[in-house]
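K.L.:
Only the shape, not the letters, is given here:
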């Protein structure tokens, strides 16, 4: 799932949550929260 890819990029510091397309931002946020890394950028 693309949300996991974005979540991994956020964890690595390559992207921020604001870089994620709005259509999948909630899914990426949920992925980050489920793995203990909240991306609040």
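P.N.:
Great, that's in hand. Bear in mind the structure is a predicted one, so any value in this text is a computation, not a measurement.

K.L.:
Count the neighbours of the closest residue to residue 4 other than its chain neighbours for me.
P.N.:
Counting by CB to CB, 6 or more residues apart in numbering, residue 4 lies nearest to residue 31, which is 5.8 Å off, once chain neighbours are set aside. Quick note: C-beta positions are derived from backbone N, CA and C, even for glycine. Counted with other CB atoms under 10 Å, the neighbours of residue 31 add up to 21.

K.L.:
so who does residue 31 touch?
P.N.:
3, 4, 6, 7 (CB atoms under 8 Å, 6 or more residues apart in numbering).

K.L.:
how about 6 Å then?
P.N.:
Contacts of residue 31 were listed using CB atoms under 6 Å, 6 or more residues apart in numbering, and they are 3, 4, 7.

K.L.:
Hmm, residue 24 and the first one touching each other?
P.N.:
Yes - under the criterion of CB atoms under 6 Å, residue 3 is in contact with residue 24, at a separation of 5.4 Å.

K.L.:
can you list residues touching both of these two?
P.N.:
Counting by CB under 6 Å, 6+ apart, nothing touches both residue 3 and residue 24.

K.L.:
if we can go back for a sec, helix or strand for the residue nearest to residue 4, just tell me which one.
P.N.:
helix 25-34 (DSSP states H and E).

K.L.:
Please point out which parts of that helix sit buried.
P.N.:
25, 27, 28, 29, 31, 32 (16 or more other CB atoms under 10 Å).

K.L.:
Now the buried members of the contacts of residue 31.
P.N.:
Of those, these count as buried by 16+ other CB under 10 Å: 3, 7.

K.L.:
between the contacts of residue 31, which is closest to residue 17?
P.N.:
Each of the contacts of residue 31 was scored against residue 17 by CB to CB, and residue 7 proved nearest at 9.4 Å.

K.L.:
Contacts only, for that closest one.
P.N.:
28, 31, 32.

K.L.:
Next, format those residues as a markdown table and append pLDDT and distance to residue 14.
P.N.:
What follows is these, written out as a markdown table (pLDDT from 0 to 100; distance: CB to CB, whole Å):
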| residue | pLDDT | distance to residue 14 |
| --- | --- | --- |
| 28 | 96 | 13 |
| 31 | 94 | 15 |
| 32 | 93 | 14 |
